[in-house]
Every structure is written in C-alpha cells, then in structure tokens.
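[1] Sequence and predicted structure, then a few things I'm wondering about:
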Amino acid sequence: MGFLDAACREPRAWDLTGKVLANQPISGGLWRLDLALPHEVPCAPGQFAMLHPYERTQLVFRRPYSILAAQDATMSFLYRVVGRGSSLLAGLSQGEPVACLAPLGRPFPAPDAQTPAVLLLAGGVGLPPLHAWLERYGRPGDLPCFGGRDGGDVPWPLLPPPWHVAVERLSGVPSDREVFQGLVTDLALRQLAAAAAREYLVLACGPMPLLRAAAALAAARGWPCLVSVEEHMGCGYGVCKGCVVPLRDPASPAGWRNVNTCTDGPVFAAGDLDWDRFGSRQGGGAS
C-alpha cells in the first residue's frame, strides 16, 4: 500500500507542560480543549498526544487524544467524557496545567499529484484527524462526511460546508443545516452517486462498525483505504503492549502478527488489518 509510505512522523516527541486556554462543550456530548504550550510542536493529521492533568490526580497512565489542530504554540483536542481520565480533563479550568507528550504515532499521508480525490468518513471522536487533514490538505473534489448520534451530538462549529452530516436521530438538528438520517457510509454512497470523481482514497476514523464499513466500501470498489483505529493506549510509545492490533502477515506461520497501535499506527492500510480477528469486536478509545 503505497500511500502510507509517504506518511512521515515528526522527528521527535516533546514532553511539555501546557496550560488550559479554553475547555468547554462544543456539542451535547463532545468537548474541545485548547492548550497553550511553551513552544510550537509540529505535528501531522492523525497523530495524537498523551495528556495528564497531573495536579488534579495521580493517574498511573496518561490518556491518548487525537490532535484536532495545532497552530503556533496552541494545540487543540476534541474528546468525549466517558471515563475517569476524560472526566478529570473536563473539570480543568483556564490556566490549569496539563502534561502533554506529543506528537506520537503514524499520521495520515499528505496528498501528492497521484492521489485521487479523498473520501473522509468520521464518526464521533474520530473527527479530529480527518478535520485536521481537510484543513491542511483539502482540495476541490474531496468529500468529507461526519456521522453523529443526533443533532445535539454533532460539533456544528467544526463542520461547515463542504462537510456533510449524517445523524441516527433528527432531534437537535439546527434549522439551517441539512442532514442525512442514517449511517455516515450511506450518506457517503448518496454523495458519491452525484460526485464527479470516480476514484477515491478513503480515510476513516471512528468506532469499529464505521471502520469495517469504510473498509468494505473501499474494497468493493477497488479503492485504497486508510483507517485510524481507536485503541486503549497506556504509554503511547510501544512499551506497555496494551494497544496491539492484528495485521495480516503471509510470512508468519499463523498468517498474522500483532503490532502496536501507538507506534505502528494509529493509521493503517485497511487491507493490512486482519478484520476476522480485529474487526469483529468493538474498538476501544480514549478514556
């Protein structure tokens, strides 16, 4: 799969202490955190940071969060409050310190002259890497689609046109926004039928059912597909082995092998993942 060959990591990760600039709900279920860092930290769409609100808790491990945006010395994140770590994060006020180890992981690649139009499929907290990709690399003809539970769960300020939005339930949808009721992959199929391009590179990030559907959509058409997987990470740099995923490996006696999401991913070619072992279960995610 040639597209990932061009996806480079930043040469180093910085272990810094940032301070909260803003931390507030951006939808009924999602929060945005903006951190002021001591200096600019270059990163690429798809990379992540390990965060720790260390003055509020003695958590053993930092928590992984995809980078939504990074500009000058400000780094932003989108998260859902689902566990102890994210609950502590949501309680942070302006000026409080946060330990930040970033950037980590393998990003989505930048397009080149041979890259076809890109279909972006994001669901829930899977939005940050694809939002960052579109902001940095988006071109006319690229097709970004987001799926949420309902209108109240959708982070509308982050999804102006050309973003298309699908919701499972129509409640809470603003009167000035057009949405599709159903799965984000079904929305994508409707948009593809009217699109000018006939070949796409599919980029996807979100819960396991979305990743499986994106991989199947691309495979049925012979399109390349890259997915960013949501796995629980303890360390972020390959030591704890808590985020392994199975990759196909014809050279292995078993036909597959485990690799670390945090160092070998989180972006993988969909065709490299062993979906029989990986995709049949529900994925993890940031805490």
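    Received the coordinates, thanks.

[2] For residue 119, name its beta-bridge partners.
    Going by DSSP bridges, residue 119 is paired in beta bridges with residue 143, residue 202.

[3] any idea which helix is longest in this structure?
    helix 208-221 (DSSP state H).

[4] Give me the helices and strands touching it, please.
    Helix 208-221 sits against strand 117-123, helix 184-194, strand 200-205, strand 225-228, with contacts defined as 3 or more CB pairs under 8 Å, 6 or more residues apart in numbering; DSSP states H and E. Every C-beta, even on glycine, is put in place using the N, C-alpha and C of the backbone.

[5] For the second one, buried residues please.
    What it means is helix 184-194. Neighbour-count burial for helix 184-194, counted by 16 or more other CB atoms under 10 Å, picks out 184-188, 191-192.

[6] as a whole number, average confidence for the longest helix of the chain?
    The average pLDDT for helix 208-221 rounds to 96.

[7] could you dump it to PDB, C-alpha only?
    Taking C-alpha atoms only, helix 208-221 is exported to PDB below (Å, rounded to 0.1, in the frame of the first residue of the first chain):
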ATOM      1  CA  MET A 208     -15.300  -0.100  14.900                       C
ATOM      2  CA  PRO A 209     -18.500  -0.500  12.800                       C
ATOM      3  CA  LEU A 210     -17.600   2.600  10.900                       C
ATOM      4  CA  LEU A 211     -14.100   1.300  10.200                       C
ATOM      5  CA  ARG A 212     -15.400  -2.000   9.000                       C
ATOM      6  CA  ALA A 213     -18.000  -0.300   6.800                       C
ATOM      7  CA  ALA A 214     -15.400   2.100   5.300                       C
ATOM      8  CA  ALA A 215     -13.000  -0.800   4.500                       C
ATOM      9  CA  ALA A 216     -15.800  -2.800   2.900                       C
ATOM     10  CA  LEU A 217     -17.000   0.200   0.900                       C
ATOM     11  CA  ALA A 218     -13.500   0.800  -0.500                       C
ATOM     12  CA  ALA A 219     -12.700  -2.900  -1.100                       C
ATOM     13  CA  ALA A 220     -16.000  -3.300  -3.100                       C
ATOM     14  CA  ARG A 221     -14.700  -0.600  -5.500                       C
END
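
[8] Which positions in it come out as buried?
    Applying 16+ other CB under 10 Å to helix 208-221 flags 208, 210-215, 217-218 as buried.

[9] Out of these, which comes closest to residue 24?
    Residue 24 lies nearest to residue 210 out of the buried residues of helix 208-221, by CB to CB, at 26.1 Å.

[10] could you pull out the helices for this structure?
    With DSSP H as the criterion, the chain has helices spanning 84-90, 127-137, 184-194, 208-221, 261-264.

[11] chain center to the second one: distance?
    Relative to the chain's own centre, helix 127-137 is displaced by 9 Å; criterion: CA atoms, centre = their mean, to the nearest Å.

[12] Which residue, neighbours along the chain excluded, lies closest to residue 90?
    Excluding the flanking residues, the one nearest residue 90 by CB to CB, 6 or more residues apart in numbering is residue 81, at 5.0 Å.

[13] residue contacts, that neighbour?
    The contact partners of residue 81, taken as CB atoms under 8 Å, 6 or more residues apart in numbering, are 29, 31, 87, 89-90.

[14] So residue 119 versus residue 201, what's the distance?
    Using CB to CB, to the nearest Å, residue 119 is found at 7 Å from residue 201.

[15] quick one, which of those two is more surrounded?
    Neighbour comparison, residue 119 and residue 201: the larger count goes to residue 119, with 25 against 20 (by other CB atoms under 10 Å).

[16] Widest-spaced pair of the buried residues of helix 184-194?
    184 and 192, at 12.4 Å, using CB to CB across the buried residues of helix 184-194.

[17] Run a quick check on residue 85 versus residue 59, I expect a contact.
    Yes. Shown here, residue 85 and residue 59 form a contact pair, counting by CB atoms under 8 Å, at 6.2 Å.

[18] More neighbours: these two, which one.
    Each of residue 85 and residue 59 has its neighbours counted (other CB under 10 Å); residue 85 has more, 22 against 14.

[19] Much appreciated, bye for now.
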